[in-house]
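>>> Here is a sequence with its predicted model. Questions after.
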Amino acid sequence: MCMLKLLSVFCLCLVLNQCSVKKALYRRQEKVKLEIPVTYALGWWSNQDKLQIDSFSVEILQSTLSLFNTKSLVAYTIRGHLPYQGEWKPYIQKIHINEHFIPSEGEYQTAEEIDLTPIVNVQVDHSKTGGTEYFCFTNQLYVHSFHWGENTVKFVCGKMEKTIQVMQKK
């Protein structure tokens with residue numbers, strides 16, 4: 001009888017341990033906060049010449065990389081202005097994101113590059129006769145590590161670049 005109780009307690013502990021491992025492995029990814037919608041497709045962008053990027057920053061919000069987690073949450077903030085004439089007022093419609101590896105000669109890819117391009121659109125505003133529209137937005141993005149150890153991620157927005165490094169541990 002005592003042996004049966006001991007065996008049932010052992011099995012219960014084993015099942016509970018398996019459930020907690022599954023939760024850690026299959027934790028749902030939280031949705032990122034977006035102030036401006038994101039696109040990965042190219043389109044008809046006829047007003048990009050108006051875009052002026054004044055400042056650009058990237059911040060790591062969460063990076064708990066481990067054997068079962070290869071994602072870090074970052075936030076990027078883009079500030080700029082859009083000069084215009086007439087009644088066609090420009091605004092930032094969405095942001096285009098392009099992710100790719102920077103080629104290297106080593107065994108591993110040494111860096112990832114993420115290009116961020118705010119997409120300019122226009123709308124008619126009969127009360128305006130020109131001026132400057134200022135914008136500032138912050139979006140979040142999950143970046144993935146791509147090998148063990150230090151991972152370098154370079155963000156590019158216009159002519160500005162920011163680099164972050166995340167450490168992938170076993």
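Structure's in. What do you need? Residues are numbered from 1 along each chain as shown.
>>> What is the least confident helix or strand in this structure?
In the chain, no helix or strand scores lower on mean pLDDT, DSSP states H and E than helix 2-25, which sits at a mean of 51.
>>> what packs against whichever helix or strand comes after that one?
Remark: after helix 2-25, the chain's next helix or strand is strand 38-39, criterion DSSP states H and E. For strand 38-39, the packing partners by 3 or more C-beta pairs under 8 Å, 6 or more residues apart in numbering; DSSP states H and E come out as strand 88-102. In this view, the C-beta of every residue, glycine as well, is placed from N, C-alpha and C.
>>> Now do the strand it packs on: distance to the chain's middle.
13 Å (C-alpha atoms, centre = their mean, to the nearest Å).
>>> That one pairs with which strands, and in what direction?
Paired strands of strand 88-102, with direction, are strand 38-39 (parallel), strand 111-124 (antiparallel) (DSSP bridges).
>>> Most tightly packed of those?
With neighbours taken as mean count of other C-beta atoms under 10 Å, the strands paired with strand 88-102 reach their highest mean count in strand 111-124, at a mean of 17.
>>> and the closest residue to His144 other than its chain neighbours, what are its phi and psi?
Once flanking residues are discounted, His144 sits nearest to Thr70: 5.2 Å by C-beta to C-beta, 6 or more residues apart in numbering. Backbone torsions for Thr70, taken as degrees, to the nearest 10, come to phi -120, psi 20.
>>> what's the distance between Thr70 and Ile164?
Going from Thr70 to Ile164 by C-beta to C-beta, to the nearest Å gives 15 Å.
>>> tell me the contacts of Val32?
Contact analysis of Val32 by C-beta atoms under 8 Å, 6 or more residues apart in numbering lists Leu73, Asn139, Gln140, Leu141, Tyr142.
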